[in-house]
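Participant: Quick one, fold the following:
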Amino acid sequence: MNNMIIHNPHSFDMLFTPVSYRLAKKKPHLKYQHIPKIISRPNGVIYCVVDYSESSLITSSILIKLPLLIRILLIKFELFIWKYINHEYVFKFYDHRNVPLDSVLLSFSYKAYNFVTNEKKHVFTKCGKLLSHLSHYMINTSVKSTNMSMYKEKILLLADNDFSDNEYFSKFFSWYNNKIVVIPFIVQERFKTLNKKRKNKILLSGTVHDLSIEKPVSFYSDFIKHFNSFSYHKLRSSLKVQNLDLIDNKVSDFREKNGNTLQKEYFKIDLVDQLNSYKYVCYDSELSGALALSSLEAIACGCIPFMSKDSIQGLNLVGKFNLIEFDGSVDGFIEEVSILPNNIIYSESTCNDVYEHLFNLTSTNLKIAYEYKF
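Facilitator: Numbers count the residues shown, from 1 in each chain. Predicted coordinates for the structure are as follows:
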């Protein structure tokens, strides 16, 4: 995979640490930090392309209004610092003018398809193949889909799980005729089984977004209109204020009504310790079909997650790890909870194998995507 090139890797926190995160002393998610390790083999070099339309310091909607020369100067200064922060890697950069014709471009829809400048169009047009990960595809969906569809003859969509049958995806990506290649996030190695006594209960956790107060509101209108919901998670939203005997409900709001985020409070929780304190957990998947990251973290901590059947497609988890499948609905979850005491025998997962499983799955599927013939 020597000619796989990462698109604008400095502008978000899923692969590397952005400059803005270092300045704000904010912890990056690094959900896909295994991808650079895979594609840098065997020579240790990571190839990147920068089109001067994205930054971690300035929002794209403002950045793209600046003259190209100013954008180039700003981004080059940011890259100078960014390379120092991420010094464990060796980077080689292309810009929009010299991206190789036969290159395979890896991008993330999180930012790549919101604001498409002429420079970005040049990159998309010139590269040989587009691998576009659908992380956060439920935000500004119709705009992203329209921009991706311009390159449908050479685009392959990637995702954490195969949600190709999801109604939301099917509606907005009806033009897409290829398969979704599963490239999952990685579970960080700090998630592991501790020698703790566990409660014989189900932890219901996660945050609930009120999309009516997110900004810009237009980015969420597709989702809100389609599902007639201001929340990504139906189960969390429905059960947030309910008390069931077998459930410890620790669902919290993502943001206050005045717009202030509560995420800092949520991140104060020692999640490893919390997951090791319960035998079972439920982080329901998103209505858009995307898997909840913490479900896999729970497996790594020896906790058994409730997971919807749709959300685990393509992950090859069944038969390898302990989990409880349900249909994803509130009624389906409550039904499974009602039979839990009699029908399920708790058994710790082989937690040490989770990281290796996801790493190997990503390695295999990235190669499949790289070699895919249209």
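
Participant: burial of Asn352, as a residue count?
Facilitator: Asn352: 12 surrounding residues under other Cβ atoms under 10 Å. In short, each C-beta sits where N, CA and C put it, glycine included.

Participant: Repeat that for the one 4 residues further on.
Facilitator: Residue crowding around Glu356 was assessed by other Cβ under 10 Å; the count is 10.

Participant: Distance-wise, check it relative to His34.
Facilitator: Going from Glu356 to His34 by Cβ to Cβ, to the nearest Å gives 11 Å.

Participant: what does Gln274 give?
Facilitator: From Gln274 to His34 the distance is 24 Å (Cβ to Cβ).

Participant: which of the two has more neighbours?
Facilitator: Here Gln274 and His34 are compared on neighbour count by other Cβ under 10 Å; more neighbours surround His34, at 23 against 18.

Participant: ok, now how distant is that one from Leu156?
Facilitator: From His34 to Leu156 the distance is 19 Å (Cβ to Cβ).

Participant: go on, Phe169?
Facilitator: Plainly put, Phe169 is 15 Å away from Leu156 if you go by Cβ to Cβ.

Participant: Compare those two (neighbour count), which wins?
Facilitator: Neighbour count, other Cβ under 10 Å: between Phe169 and Leu156, Phe169 has more, with 24 against 19.

Participant: Tell me who's in contact with that one.
Facilitator: Residues near Phe169 by Cβ atoms under 8 Å, 6 or more residues apart in numbering: 137, 163, 288-289.

Participant: cutoff 6 Å now
Facilitator: Counting by Cβ atoms under 6 Å, 6 or more residues apart in numbering, Phe169 touches 163, 289.

Participant: how about the helices of the stretch 251-374 of the chain, start to end?
Facilitator: 263-267, 271-275, 293-300, 330-343, 353-371 (DSSP state H, counting those that start in this stretch).

Participant: Ok, which of the ones you listed comes nearest Asn147?
Facilitator: Closest approach to Asn147 among those (Cβ to Cβ): helix 353-371, 19.7 Å.

Participant: Just the angle for the closest one relative to helix 293-300, thanks.
Facilitator: The directions of helix 353-371 and helix 293-300 differ by 130 degrees, with axes from the mean of the first three to the mean of the last three Cα atoms, to 10 degrees as the criterion.

Participant: Could you list the buried residues of helix 353-371?
Facilitator: For helix 353-371, a neighbour-count test (16 or more other Cβ atoms under 10 Å) marks 354-355, 357-359, 361-363, 365-366, 369-370 as buried.

Participant: Please determine how far the closest residue to Cys301 other than its chain neighbours is located from Phe333.
Facilitator: Closest residue in space to Cys301, ignoring its immediate chain neighbours: Leu275 at 3.8 Å, by Cβ to Cβ, 6 or more residues apart in numbering. According to Cβ to Cβ, Leu275 and Phe333 sit 18 Å apart.

Participant: Low-confidence stretches in the stretch 201-350 of the chain?
Facilitator: Scanning the stretch 201-350 of the chain for pLDDT under 70 picks out 240-244, 254-268, 341-350.

Participant: Please tell me how far the residue most central in space within the chain sits from Ile312.
Facilitator: The structure's the chain has its C-alpha centroid closest to Ser135; by Cα atoms, centre = their mean the separation is 4.3 Å. As judged by Cβ to Cβ, Ser135 and Ile312 stand 17 Å apart.

Participant: ditto for Asn118
Facilitator: 41 Å.

Participant: Looking at these two, which one has more neighbours?
Facilitator: Shown here are Asn118 and Ile312; by other Cβ under 10 Å, Ile312 has more neighbours (21 against 11).

Participant: Count residues in the vicinity of the closest residue to that one other than its chain neighbours, would you?
Facilitator: Beyond its immediate neighbours in the sequence, the residue positioned closest to Ile312 (Cβ to Cβ, 6+ apart) is Asn161, lying 6.3 Å away. Using other Cβ under 10 Å, Asn161 is surrounded by 22 other residues.

Participant: With Ser212 instead?
Facilitator: 11.

Participant: Then the one 3 residues further on?
Facilitator: If you count neighbours by other Cβ under 10 Å, Lys215 ends up with 8.

Participant: Next, the contact list for it, please.
Facilitator: Contacts for Lys215 (Cβ under 6 Å, 6+ apart) come out as none.

Participant: Would it be right to say that it lies in a strand?
Facilitator: No. Counting by DSSP: H, G, I helix; E, B strand; the rest coil, Lys215 is located in no strand; its state is coil.

Participant: Quickly note the distance from it to Thr59.
Facilitator: For Lys215 relative to Thr59 (Cβ to Cβ), the value is 11 Å.

Participant: export stretch 306-315 as CSV, just CAs?
Facilitator: Extracted in CSV, the C-alpha atoms of stretch 306-315 (Å, rounded to 0.1, in the frame of the first residue of the first chain):
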residue,chain,number,x,y,z
PHE,A,306,-26.0,-5.7,24.5
MET,A,307,-25.5,-5.0,20.8
SER,A,308,-28.0,-4.7,18.0
LYS,A,309,-27.7,-7.3,15.2
ASP,A,310,-27.4,-4.6,12.5
SER,A,311,-24.6,-2.8,14.3
ILE,A,312,-22.2,-5.7,14.3
GLN,A,313,-22.4,-6.6,10.6
GLY,A,314,-19.0,-7.1,9.1
LEU,A,315,-17.1,-7.1,12.5
